[in-house]
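Chemist: mind looking at a prediction? Sequence and model below.
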Amino acid sequence: MVNKNFGFGTQIRKSPFFDSTVKWGAKEFSVYNHMYIPRDFGNPEQNFWNLIEKSILCDVAVERQVEITGPDAYEFIQLLTPRDLSKLQIGQCKYVLIVNDKGGIINDPVLLRLAKNHFWLSLADSDVLLWAQGVAINSGLKVNICEPDVSPLQLQGPTSGKIMIKLFGEGIRDLKYYWFRECELDGIPLVISRTGWSSEFGYEIFLRDGSKGNQLYEKIMEAGKEYSLQPGHTSSIRRIEGGMLSYHADADINTNPYELGLDRLVNLDSEINFIGKEALKRIKQEGIKRIQIGLELDCPPLVGPNTKFWPIIKDRKKIGKVTSAVYSPRLEKNIALAIVNIYNSQIGNSLKVFIDGKEISSKVIEKPFYDPKKKIASSYDLML
């Protein structure tokens, strides 16, 4: 049962899958993009094992879409991101950054190109709809910007391919990593992509009719029964293992792409025009003063992820903060993403972390902490 004390108000939206997630055991919710997201189906460690050994179905309708259409939609979408989109094909996805005029990150969405001038930005937790509409006013470009009736589910894990074949047939084997296709399931309109926020093999299933949310959820759970599919939530353990960013934690409007090692998503040498180009040129030329690192924390296993930033101290000076930390039962150690003064970022460097006033030893290690080349998520072997 859902906690009776949790206040479900009308100012925060429920997803189209809400009733089914409660039926399947969602106990607690948090708020993301002005919508409730289920965050507790029981033991988080068991949720992690379910993800990496079987598969889980996650309600991620909070990944709202910003839809951009109109005769100048391509030019406009390029204005929003420093990543060169000139080779982006219809049916393809790209991980992109949206930055402001100072080079600060506003969002790190996945971009989908549905037609020549039809795009979706599948969002992290920030108000890109308002940003895009504001940019459009003074852009001189002819575009239409809205939030469509689109809500994604994530089917993630090693058995997700088998479940998708059962639902959609053998043809789904041909769907490549970071590509998508439009289809229907028993009359339910969908977009299916080979993407996901888990660092595991999997799919996102974008529902295009919110009235059919619970119907879709139940169909997937029924198809997955023989493969031990479990209801679940996005795993903090797995995403930190994979070095995946959580907006407002590991990145925000005061963080630039170079501090996160995301240089590959910034194209300064091409002729493309985008917001923040001059600022990013200046940042690159001057050099960054801080950078994201991976840490191993020398302390008893953490109970859940951190709920606040932990200061990092060296020589009695604060040099940074831990942004995301968790105990990995697979790696059998505490791992963390942190941002520190660049002069203290060398692999092997020893740093002190303060957790609720208690001093903890830590060591800078390589990140991502597991499967650094994303071989699992991009694998084709699981579809054989």
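Modeler: Now that the structure is in, tell me what you want to look at.
Chemist: need the three-state assignment for I237.
Modeler: Per DSSP: H, G, I helix; E, B strand; the rest coil, the secondary structure class of I237 is helix.
Chemist: what do you get for I37?
Modeler: Using three-state DSSP, the structure places I37 in strand.
Chemist: over to the one 10 residues further on?
Modeler: Assigned with three-state DSSP, N47 falls in the helix class.
Chemist: give the contact list for it.
Modeler: Counting by C-beta atoms under 8 Å, 6 or more residues apart in numbering, N47 makes contact with 41, 56, 230, 232-233, 235. (Each C-beta comes from the backbone N, C-alpha and C, glycine too.)
Chemist: if you set the cut-off to 7 Å instead, what comes out?
Modeler: 41, 56, 232-233, 235 (C-beta atoms under 7 Å, 6 or more residues apart in numbering).
Chemist: ok, N306 next?
Modeler: By C-beta under 7 Å, 6+ apart, N306 lies in contact with 322, 324-325.
Chemist: which of the contacts of N47 fall within strands?
Modeler: Applying DSSP state E to those, the entries found in strands are 56, 232.
Chemist: where's I165, which helix or strand?
Modeler: Using DSSP states H and E, I165 maps to helix 160-168.
Chemist: tell me which strands and helices the top strand by length along the chain is in contact with?
Modeler: What stands out as the longest strand in the chain, according to DSSP E, is strand 317-328. Here strand 317-328 is seen to pack against helix 236-241, strand 290-298, strand 310-314, strand 333-341 when contacts are counted using 3 or more C-beta pairs under 7 Å, 6 or more residues apart in numbering; DSSP states H and E.
Chemist: same thing but at 10 Å, please
Modeler: helix 44-53, helix 236-241, strand 290-298, strand 310-314, strand 333-341, strand 350-355, strand 358-365 (3 or more C-beta pairs under 10 Å, 6 or more residues apart in numbering; DSSP states H and E).
Chemist: which of those has the highest mean neighbour count?
Modeler: Mean neighbours per residue, mean count of other C-beta atoms under 10 Å, is largest over those for helix 236-241, with a mean of 24.
Chemist: with just CA atoms, put that one into CSV.
Modeler: Output of helix 236-241 as CSV, limited to C-alpha atoms (Å, rounded to 0.1, in the frame of the first residue of the first chain):
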residue,chain,number,x,y,z
SER,A,236,20.9,4.4,-8.1
ILE,A,237,23.4,1.7,-7.6
ARG,A,238,23.6,0.8,-11.3
ARG,A,239,23.6,4.3,-12.6
ILE,A,240,26.4,5.3,-10.3
GLU,A,241,28.4,2.2,-11.2
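Chemist: how about the host helix or strand of M221: buried residues?
Modeler: In the assignment (DSSP H and E), M221 maps to helix 213-223. For helix 213-223, the neighbour count (16 or more other C-beta atoms under 10 Å) marks 213-217, 220-221, 223 as buried.
Chemist: want to throw those residues into JSON lines with pLDDT and distance to L80?
Modeler: Formatted as JSON lines, the buried residues of helix 213-223 follow (pLDDT from 0 to 100; distance: C-beta to C-beta, whole Å):
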{"residue": "G213", "pLDDT": "98", "distance to L80": "29"}
{"residue": "N214", "pLDDT": "98", "distance to L80": "34"}
{"residue": "Q215", "pLDDT": "98", "distance to L80": "34"}
{"residue": "L216", "pLDDT": "98", "distance to L80": "30"}
{"residue": "Y217", "pLDDT": "98", "distance to L80": "32"}
{"residue": "I220", "pLDDT": "98", "distance to L80": "32"}
{"residue": "M221", "pLDDT": "98", "distance to L80": "36"}
{"residue": "A223", "pLDDT": "98", "distance to L80": "37"}
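Chemist: check contacts around I313.
Modeler: For I313, the contact set (C-beta atoms under 10 Å, 6 or more residues apart in numbering) comprises 319-320, 351-354, 359.
Chemist: can you name the two of the residues you listed that are farthest apart?
Modeler: G320 and E359 (15.2 Å; C-beta to C-beta).
Chemist: quick one: S30 and S236 touch, right?
Modeler: No - here S30 does not reach S236: they are 11.6 Å apart, not a contact under C-beta atoms under 10 Å.
Chemist: okay, and the common contacts of those two?
Modeler: Common contacts of S30 and S236, defined by C-beta under 10 Å, 6+ apart, comprise R39.
Chemist: before we move on, the earlier item: tell me which of the contacts of N47 is nearest to S151?
Modeler: H233 (15.6 Å).
Chemist: what about stretch 370-381, how long is it end to end?
Modeler: End-to-end distance for stretch 370-381, by C-alpha to C-alpha, to the nearest Å: 19 Å.
Chemist: how about residues contacting that stretch?
Modeler: 52, 156, 158, 161, 173-174, 176-178, 194-196, 198-202, 237-238, 240-244, 328, 330-331, 335, 366, 368, 382.
Chemist: point to the residue nearest the middle of the chain.
Modeler: The chain has W197 as the residue nearest its centroid, 4.5 Å off, counting by C-alpha atoms, centre = their mean.
Chemist: what residues are up against the closest residue to that one other than its chain neighbours?
Modeler: Leaving aside its chain neighbours, W197 sits nearest to T234 (5.7 Å; criterion: C-beta to C-beta, 6 or more residues apart in numbering). Residues near T234 by C-beta under 10 Å, 6+ apart: 32, 37-39, 47, 51, 56, 58-60, 62-63, 154, 156, 196-198, 244, 246.
Chemist: then E359?
Modeler: Contact analysis of E359 by C-beta under 10 Å, 6+ apart lists 299, 313, 352-353.
Chemist: ok, how many other residues are close to the closest residue to P257 other than its chain neighbours?
Modeler: Excluding its sequence neighbours, the residue lying closest to P257 (C-beta to C-beta, 6+ apart) is V266, at 5.2 Å. Around V266 there are 24 other residues, counting by other C-beta atoms under 10 Å.
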